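A.B. asks: Build me a model:
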Amino acid sequence: MKIDPAILALKSEVTTWRRDFHENPELLYDVYRTAGIVAEKLRAFGCDEVVEGIGRTGVVGVIHGRHGAGGKVVGLRADMDALPIAEETNLPHRSKASGKMHACGHDGHTAMLLGAAKHLAKTRDFDGSVVVIFQPAEEGGAGGKAMVDDGMMDRWNIAEVYGMHNMPGLAPGHFSLRAGPLMAATAYYTITIEGRGSHAAKPHEGIDPVLIGAHIVTALQSIASRNVDPLKSVVVSNTVFQAGDAQNVIPQRAVLRGTVRTLDNSVRDIAEARFRAIVEGTAKMFGAEAHLDYRRGYPATVNHAKETGFVTGIARAIAGQDAVDDNAEPTMGGEDFSYMLEARPGAFIFIGNGDSAGLHHPAYDFNDDVLPVGIQYWADVAKAATQK
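C.D. replies: Coordinates of the predicted model:
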């Protein structure tokens, strides 16, 4: 592992920042404390420009290289928001906010990019300019889209953009990525089935929404098994089924909720079309009505080939040839860095968090030993990308 001694010297300070963020988690766009601390530190580091309120509560810092303003501009992004999960650890820095915790490591992401900003602002050992992007509302609020829609890319003339996320199960400080789709497009649905309630002993007098819902749940699995090329990926997961509250009553209504994940835009279209046809047709077959609310979420996170190859080389120079997997299996999780990759070329990379609890688990914690590795990665990407 090749880490600059100056970056290693930052570990204790950056760990303190990370644990403070962990103790004080904030959700979605309500990251006022975190964003305020980020902006304050960026100003203290001597960033040439610090702007708050991009994408509602996002923060952008601009650091010019050795020749001042001008030249190529590269964006580096970290997310700041936590999750509505009650923490189940006994850590000294466990969450102090009831029902909220940093269960996805955004505290670590923010701390690593802050550490990189401090190092870059001090050394200025690069050409062009670096824009450090601290984003709110990755966890379902599309904060990445909000920052892009706020004109961030054009305002600072960002040419390329890069993101990073920790990965439990991957050895600490190892990296993984791939060119093309790395993470899935998301969609969320609610199906409301309107039947006709009756006594459970007289089912012929009603229209049973539970039976209809069960048929819909089963039929939706045919999208993957019979409608989509078996060499392509789609996931349909019904996660909520609510109906009735009495054992001897067939209810009037049933509600189903869940998510659909895809990696390919054509599969995304096929899945939605078949989903709508199955819900409508199944309800009609039983003489019921079904109301479908189907909403597309984040697009797939698609890495650009040239930029993926570029950061693969950066990661291997830090961690070693065998510590970087550049043909990682895609994951069906969603990530709103996808919006930034739609706006500009770039790449998203995973950094190993080691043998920790999984993401979104109440026992999760970011591995502080990874902090210097992430800082080194950001510093090296900034230096090399602005010289390309």
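A.B. asks: and K202, how many residues sit next to it?
C.D. replies: Residue crowding around K202 was assessed by other C-beta atoms under 10 Å; the count is 9. Placement of C-beta: from N, CA and C, glycine included.
A.B. asks: What of D20?
C.D. replies: The burial count assigned to D20 is 15, neighbours taken as other C-beta under 10 Å.
A.B. asks: go on, A187?
C.D. replies: The number of residues packed near A187 is 21, by other C-beta under 10 Å.
A.B. asks: remind me, longest helix of the chain?
C.D. replies: helix 265-285 (DSSP state H).
A.B. asks: what are the pairing partners of whatever helix or strand comes next after that helix, and which direction each?
C.D. replies: Tracing the chain past helix 265-285, the next element assigned as helix or strand by DSSP states H and E is strand 289-296. Neighbouring strands of strand 289-296 in its sheet, by DSSP bridges, are strand 185-194 (antiparallel).
A.B. asks: quick one: buried residues of the partner strand?
C.D. replies: Of the residues in strand 185-194, A185, T186, A187, Y189, I191, T192, I193 count as buried by neighbour count, 16 or more other C-beta atoms under 10 Å.
A.B. asks: Go through those and say which is closest to L91.
C.D. replies: When these are compared for distance to L91 (C-beta to C-beta), T186 wins out at 30.5 Å.
A.B. asks: residue ranges for the helices of the stretch 251-388 of the chain, please.
C.D. replies: Per DSSP state H, counting those that start in this stretch, the stretch 251-388 of the chain has helices spanning 265-285, 305-319, 338-343, 371-385. These are given in chain order.
A.B. asks: Out of those, indicate the one that is most buried.
C.D. replies: Mean neighbour counts were taken over these using mean count of other C-beta atoms under 10 Å, and the top value, a mean of 24, falls to helix 371-385.
A.B. asks: could you check the angle helix 305-319 makes with it?
C.D. replies: 130 degrees (axes from the mean of the first three to the mean of the last three C-alpha atoms, to 10 degrees).
A.B. asks: what's helix 371-385 packed up against?
C.D. replies: With contacts defined as 3 or more C-beta pairs under 8 Å, 6 or more residues apart in numbering; DSSP states H and E, the packing partners of helix 371-385 are helix 5-8, helix 11-23, strand 73-79, helix 106-123, strand 160-168, helix 305-319, strand 346-354.
A.B. asks: Flag every buried residue along the first one.
C.D. replies: What that stands for is helix 5-8. By neighbour count, with 16+ other C-beta under 10 Å as the criterion, the buried positions of helix 5-8 are I7.
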